[in-house]
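1. coords please:
(one chain, ligands or ions: 3)
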Amino acid sequence: MTDRLTITRPDDWHLHLRDGPVLQYTVPATARVMKRAIIMPNLQPPVMNAEQAHEYRQRIMSKVPQGLNFDPLMVLYLTDNTTPEMIKEAAEAGHIVAVKLYPAGATTNSASGVTDLGKLDELADALTEHDIKLLVHGEVTHSDVDIFDREKRFLDEILSPLVSRNPDLNMVVEHITTKDAAEFVKSQGDNVAATITVQHLAYNRNHMLVGGIKPHYYCLPILKRNIHQQALQDAVVSGSSKFFLGTDSAPHAKGAKESACGCAGCYTAYAAIELYAEIFDDLGALDKLEGFASHYGPDFYGLPRNSDEITLIKKDWQAPHELPFGDDVIVPLRAGETLRWKIDY
Ligand SMILES: NC(=O)N[C@@H](CC(=O)O)C(=O)O
Ligand SMILES: [Zn+2]
Ligand SMILES: [Zn+2]
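-> Numbering: from 1, shown residues only. Ligands and ions are numbered 1, 2, ... in the order given. The predicted model follows:
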């Protein structure tokens, strides 16, 4: 039985830190373990150009605890007004590695998202030329499409045609939740990859809805039925380099989650690598954790793998019931439960 595991220091390829006073909580939570993180731009207003990304990065850097060597990788939020010139400026500014496509209205703070997805084709050459990745929140948003079908409909109607028209575009299908998405990503070339969250590996919609509705399991894309959870588990157990760690840790204050109209997002950054280690252990695939958490992400982004290591030990500890969040608190995923892996500092 393995009860100690040393791996290359991991990175988080999909993270929401938010902005303002809460950065003092969200930044250290990730920086304690992750060397790099892809910082999602869905602020209000969103991070839309190189200057805004630079300023946001400075605010993040000012909250990195002393002695930690955290490197936030920035992302521009695509809008109907994004131009090839803005992509070029972003690449030249440094620290900006990707642009994020949110179909308008798909998720938290996505109202400024792209309404005409055909516009993407005008940006594709600039993205490839400047080696800026396209990150995709893969859900259609038409009100007549069932929430459980939105990812598959996006793959069929938007993403497949987009990839056919731009076969060399480097893209990450973020936080995939379905067998269909896993198969789509597998069937594409090396230029198409995906991130997978803790919650989509650990849970299916029964966990969220049976025996009482559990708002802290509610995120977008929404948890699907168990065959989809199983397909995501199979994808990571396969050791395919197309699938890598992106927590989508997305903090919302307790009251905004435990509400008649609760926000989407699970908070996992406080124990991200520990939560993944537990799942990989349960799947009998601890030997696949390092590739998923620490190798395939930098390989896809064309960045060096981290040069130092972390050690995880198998040791029970209790997840906090709540964590500070400015004037408010956050309820993390697995609040109050026993977690089975811990970083050995
Ligand atoms: N995943 C979520 O449920 N929420 C994210 C947005 C997102 O990643 O779609 C958030 O910013 O709260
Ligand atoms: Zn998203
Ligand atoms: Zn997200």
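2. which residue ranges of the chain form strands?
-> Assigned by DSSP state E, the chain shows strands spanning 4-8, 12-15, 36-39, 71-77, 96-101, 133-136, 171-173, 192-196, 243-245, 309-318, 323-325, 328-330, 338-343.
3. want to throw these into TSV with mean pLDDT, distance to ligand 1 and mean neighbour count?
-> Glycine gets a C-beta too; all of them are placed from N, C-alpha and C. What follows is the strands of the chain, written out as TSV (pLDDT from 0 to 100; distance: least, Cβ to the nearest ligand atom, whole Å; neighbours: other Cβ atoms under 10 Å):
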stretch	mean pLDDT	distance to ligand 1	mean neighbour count
strand 4-8	98	26	16
strand 12-15	99	7	27
strand 36-39	98	11	26
strand 71-77	98	11	23
strand 96-101	97	9	25
strand 133-136	98	10	25
strand 171-173	98	12	26
strand 192-196	99	10	25
strand 243-245	99	15	26
strand 309-318	98	25	14
strand 323-325	97	13	17
strand 328-330	97	12	19
strand 338-343	98	21	17
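4. for residue 84, find the nearest of those strands.
-> Between residue 84 and the strands of the chain, the shortest gap by Cβ to Cβ is with strand 96-101, which sits at 11.2 Å.
5. partner strands of that closest one and their direction?
-> Sheet pairing for strand 96-101, assigned by DSSP bridges, gives strand 71-77 (parallel), strand 133-136 (parallel).
6. show me which residues of the stretch 1-150 of the chain sit near ligand 2.
-> 107, 137 (Cβ under 5 Å from the ion).
7. which residues of the stretch 1-150 of the chain lie near ligand 1?
-> Residues of the stretch 1-150 of the chain lying close to ligand 1 (Cβ under 6 Å from any ligand atom) are 16, 42, 107-108, 137.
8. quick check, nearest of the residues you listed to ligand 2?
-> residue 137 (3.6 Å; Cβ to the ion).
9. which ones are touching the closest one?
-> Neighbouring residues of residue 137 by Cβ atoms under 8 Å, 6 or more residues apart in numbering: 100-103, 106-107, 110, 174-175, 220.
10. with residue 245 instead?
-> Counted by Cβ under 8 Å, 6+ apart, residue 245 has contacts 10-13, 195-196, 272, 276, 292-293, 297.
11. wait, what's in contact with residue 47?
-> 41, 53, 56, 74-77.
12. so what does it have for phi and psi?
-> Per-residue torsions, residue 47: phi -80, psi 110 (degrees, to the nearest 10).
13. ok, back up a step: looking at the strands paired with strand 96-101, which is nearest to residue 180?
-> Per Cβ to Cβ, nearest to residue 180 of the strands paired with strand 96-101: strand 133-136, 14.3 Å.
14. I'd like the distance from the closest one to the chain centre, please.
-> Centroid separation between strand 133-136 and its chain, computed with Cα atoms, centre = their mean, to the nearest Å, is 12 Å.
15. just the CA trace of that strand, in CSV.
-> This file holds the C-alpha atoms of strand 133-136, laid out as CSV (Å, rounded to 0.1, in the frame of the first residue of the first chain):
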residue,chain,number,x,y,z
LYS,A,133,-4.2,29.1,-26.6
LEU,A,134,-8.0,29.2,-26.9
LEU,A,135,-9.7,28.1,-23.7
VAL,A,136,-13.3,27.1,-24.1
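16. and the residues of the stretch 1-150 of the chain next to ligand 1 as a markdown table, adding distance to residue 162?
-> Shown next, in a markdown table, are those (distance: Cβ to Cβ, whole Å):
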| residue | distance to residue 162 |
| --- | --- |
| 16 | 24 |
| 42 | 21 |
| 107 | 19 |
| 108 | 23 |
| 137 | 14 |
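17. tell me which two in those are the farthest apart.
-> Within those, 16 and 137 form the most distant pair, 11.9 Å apart (Cβ to Cβ).
18. for the chain, which spans come out with low pLDDT?
-> Within the chain, the stretches with pLDDT under 70 are 1.
19. please repeat the previous calculation with a cut-off of 90.
-> Applying pLDDT under 90 to the chain flags the ranges 1-2, 103-121, 345.
20. can you give me the helices for it?
-> 23-31, 50-61, 84-93, 120-129, 150-154, 160-165, 179-187, 198-202, 205-209, 226-237, 254-257, 272-282, 289-290, 296-301 (DSSP state H).
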